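**Q** Requesting a structural model of the entry that follows:
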Amino acid sequence: MIKKRQSSSKHGSLKSSTNRPDLEKLRPMSSSSSWLHQIVDLYPPGSSNRDWTCQYCKIIQPPRTRHCHDCDKCVLQFDHHCVWLGTCIGKKNHCRFWWYIFEESILSTWTVALYIESLHLDIEKVWWKDFIGVILLAILIFILMFLLLLLMFHTYIALTNQTTYEVARRKRIFYLRGIPDRVHPFSKGICRNIYDFCFTRENGFV
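**A** Down below sits the predicted model:
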């Protein structure tokens, strides 16, 4: 049995002390590790340990795990690396990221409403101030539209149990090849998907 020490961070990253010689000895049916067998069972038949092993962290990756080069960690259920927040969005913080987008959308909507109200006030102002206000309002509306589209997209992938990475790179991910675009292999139904999204539990991988 190969000894592995793993831990998780806020976004569900994995760390391991497994080294390269140990990984080269791995075979799907020869290891007595229940954790390894659990990983193997989740991958499509015919997959090799090269497909499961991160070449940077030297760990056996569960499905839907990807190495983030910005964070230099493997992230469970990797969605994307957010440059604005400076961290990866993964299994353990995707729900909080959704709420962050939701709150930003509400704030932007409220700000747009205040700007429109201020433009309708019957107060004498210099013309260029109104001009700047219109420009700022247009920028705010653009930001609001972007946030609403982002919120709708992340709501969709939460309801269907997908990730941004899987949607964007579906044809390049080996365990999704050959699956029709409208089929979501990880979906457990809307109610169960919402529950897992909001109340994620790490069983077996951490």
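
**Q** Any stretches of this protein with poor pLDDT?
**A** Low-confidence regions of the chain, defined by pLDDT under 70, span residues 1-51, 200-206.

**Q** just the helices in it please.
**A** 20-24, 34-42, 49-52, 94-119, 127-159, 164-168, 190-198 (DSSP state H).

**Q** Would you mind measuring from the residue positioned nearest the centre of the chain to Leu114?
**A** For the chain, the residue whose C-alpha lies nearest the mean C-alpha position (Cα atoms, centre = their mean) is Asp79; its distance is 2.0 Å. When distance is defined by Cβ to Cβ, to the nearest Å, Asp79 is 32 Å away from Leu114. C-betas here are computed from N, CA, C, even on glycine.

**Q** Pro63 too?
**A** On the measure of Cβ to Cβ, Pro63 and Leu114 end up 46 Å apart.

**Q** Look at the two and report which has more neighbours.
**A** A direct count of neighbours by other Cβ atoms under 10 Å for Pro63 and Leu114 places Pro63 higher, at 19 against 11.

**Q** So the more buried one sits against Tyr175, correct?
**A** Yes. With contact defined as Cβ atoms under 8 Å, Pro63 reaches Tyr175; the gap is 5.8 Å.

**Q** Can you tell me what sits against stretch 109-129?
**A** When contacts are taken as Cβ atoms under 8 Å, 6 or more residues apart in numbering, the neighbours of stretch 109-129 outside the stretch itself are Asp130, Gly133, Val134, Leu136, Leu137, Leu140, Ile141, Leu144.

**Q** Could you turn the buried ones of the residues you listed into a ChimeraX selection?
**A** Buried members of the contacts of stretch 109-129, defined by 16 or more other Cβ atoms under 10 Å, are picked up in ChimeraX with:
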select :137,140,144
